[in-house]
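> A structural model of the following input is requested.
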Amino acid sequence: MLRDELMPRVIYLQSDGSRLEVEVEAGFTVMEGAVNNDIDGIIAECGGACACATCHAYIAEDWLDRLPPMEDMEDSMLDSAWERRDNSRLTCQIEVTDALDGLVVHVAENEN
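Below is the predicted model of the structure:
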(Lines give C-alpha, C1' and ligand atoms only; values in the text may rest on other atoms or scores of the structure.)
Protein backbone atom coordinates (compact mmCIF):
# COMPACT_ATOMS: atom_id res chain seq x y z
CA MET A 1 0.00 0.00 0.00
CA LEU A 2 1.32 3.43 -0.90
CA ARG A 3 1.69 6.07 1.82
CA ASP A 4 -0.90 8.37 0.22
CA GLU A 5 -3.50 5.60 0.59
CA LEU A 6 -3.02 5.58 4.35
CA MET A 7 -4.82 7.79 6.81
CA PRO A 8 -2.94 10.53 8.69
CA ARG A 9 -1.18 9.35 11.84
CA VAL A 10 -1.56 10.98 15.25
CA ILE A 11 0.93 10.15 17.99
CA TYR A 12 -0.49 10.27 21.51
CA LEU A 13 2.05 10.44 24.34
CA GLN A 14 0.83 9.41 27.77
CA SER A 15 2.06 10.80 31.09
CA ASP A 16 3.52 7.34 31.90
CA GLY A 17 5.80 7.65 28.85
CA SER A 18 3.86 5.29 26.59
CA ARG A 19 3.51 6.22 22.92
CA LEU A 20 0.48 5.26 20.87
CA GLU A 21 0.52 5.93 17.14
CA VAL A 22 -2.85 5.56 15.44
CA GLU A 23 -4.32 6.33 12.05
CA VAL A 24 -7.18 8.83 12.14
CA GLU A 25 -9.42 9.40 9.15
CA ALA A 26 -9.10 12.89 7.67
CA GLY A 27 -12.10 14.97 8.73
CA PHE A 28 -12.26 13.40 12.18
CA THR A 29 -10.95 15.35 15.16
CA VAL A 30 -7.92 14.45 17.23
CA MET A 31 -10.39 13.77 20.07
CA GLU A 32 -12.42 11.35 17.94
CA GLY A 33 -9.20 9.58 16.98
CA ALA A 34 -8.38 9.17 20.68
CA VAL A 35 -11.85 7.97 21.67
CA ASN A 36 -12.09 5.56 18.71
CA ASN A 37 -8.71 4.05 19.65
CA ASP A 38 -9.24 3.89 23.44
CA ILE A 39 -6.53 6.44 24.27
CA ASP A 40 -6.48 6.88 28.06
CA GLY A 41 -6.83 10.43 29.33
CA ILE A 42 -8.96 11.86 26.53
CA ILE A 43 -12.29 11.65 28.35
CA ALA A 44 -14.41 13.84 26.03
CA GLU A 45 -17.39 14.20 28.37
CA CYS A 46 -19.24 16.61 26.05
CA GLY A 47 -18.62 14.50 22.96
CA GLY A 48 -16.74 17.21 21.10
CA ALA A 49 -19.06 20.18 21.59
CA CYS A 50 -16.34 22.41 23.09
CA ALA A 51 -18.39 22.47 26.30
CA CYS A 52 -15.87 20.92 28.69
CA ALA A 53 -12.09 20.63 28.83
CA THR A 54 -11.78 16.86 29.26
CA CYS A 55 -10.08 16.42 25.87
CA HIS A 56 -7.33 18.87 26.81
CA ALA A 57 -3.87 18.03 25.49
CA TYR A 58 -0.50 19.67 24.95
CA ILE A 59 0.55 19.93 21.32
CA ALA A 60 4.23 19.37 20.55
CA GLU A 61 5.81 22.80 20.04
CA ASP A 62 6.93 22.12 16.46
CA TRP A 63 3.31 21.42 15.45
CA LEU A 64 1.64 24.51 16.93
CA ASP A 65 2.06 26.75 13.89
CA ARG A 66 0.56 24.06 11.63
CA LEU A 67 -2.76 24.03 13.49
CA PRO A 68 -5.67 26.32 12.75
CA PRO A 69 -5.82 29.27 15.15
CA MET A 70 -7.68 28.83 18.41
CA GLU A 71 -11.15 30.35 18.42
CA ASP A 72 -12.51 32.36 21.36
CA MET A 73 -14.82 29.55 22.55
CA GLU A 74 -11.92 27.09 22.83
CA ASP A 75 -9.75 29.70 24.53
CA SER A 76 -12.47 30.37 27.12
CA MET A 77 -13.06 26.66 27.74
CA LEU A 78 -9.32 26.06 28.23
CA ASP A 79 -9.48 28.45 31.19
CA SER A 80 -11.20 25.59 33.06
CA ALA A 81 -8.57 23.01 32.05
CA TRP A 82 -6.17 21.60 34.61
CA GLU A 83 -2.65 23.03 34.13
CA ARG A 84 -3.25 25.08 31.00
CA ARG A 85 -0.02 25.87 29.13
CA ASP A 86 0.93 27.90 26.05
CA ASN A 87 0.64 24.74 23.93
CA SER A 88 -2.73 23.64 25.37
CA ARG A 89 -5.52 22.83 22.94
CA LEU A 90 -8.84 21.02 23.07
CA THR A 91 -8.48 18.02 20.81
CA CYS A 92 -12.15 18.25 19.80
CA GLN A 93 -11.27 21.47 17.99
CA ILE A 94 -8.44 20.07 15.85
CA GLU A 95 -9.61 18.45 12.63
CA VAL A 96 -7.21 15.87 11.26
CA THR A 97 -5.96 16.56 7.74
CA ASP A 98 -3.26 15.00 5.61
CA ALA A 99 -1.07 18.00 6.53
CA LEU A 100 -1.22 16.89 10.18
CA ASP A 101 0.21 13.42 9.47
CA GLY A 102 2.54 12.67 12.40
CA LEU A 103 0.97 15.20 14.81
CA VAL A 104 2.34 14.69 18.33
CA VAL A 105 -0.13 15.17 21.20
CA HIS A 106 0.81 14.94 24.88
CA VAL A 107 -2.30 13.84 26.77
CA ALA A 108 -3.00 16.11 29.75
CA GLU A 109 -4.33 15.03 33.13
CA ASN A 110 -8.07 15.18 32.44
CA GLU A 111 -9.45 13.20 35.35
CA ASN A 112 -12.63 14.54 36.91
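> Would you map the helices across this protein?
Ranges of helices in the chain, per DSSP state H, are 30-36, 72-78.
> Identify whichever of the ones you listed lies nearest to Val105.
Nearest to Val105 among the helices of the chain is helix 30-36 (6.1 Å), distances taken as C-beta to C-beta. Where you see a C-beta, it was placed from the backbone N, CA and C, and this is true even at glycine.
> contacting residues around that closest one?
Residues outside helix 30-36 that contact it (C-beta atoms under 8 Å, 6 or more residues apart in numbering): 10, 12, 22, 24, 28, 39, 42, 44, 48, 55, 57, 90-92, 94, 96, 103, 105, 107.
> which residue ranges form the strands in this structure?
For the chain, applying DSSP state E gives strands covering 9-13, 19-23, 56-59, 88-90, 103-107.
> do you know how far the residue nearest to Ile42 when sequence neighbours are not counted is from Asp65?
Using C-beta to C-beta, 6 or more residues apart in numbering and skipping residues adjacent in sequence, the residue nearest Ile42 is Ala34, 3.6 Å away. For Ala34, the distance to Asp65 (C-beta to C-beta, to the nearest Å) stands at 22 Å.
> These two: which is more packed in?
Ala34 (26 against 7; other C-beta atoms under 10 Å).
> Point to the residue nearest the middle of the chain.
Thr91 (3.3 Å; C-alpha atoms, centre = their mean).
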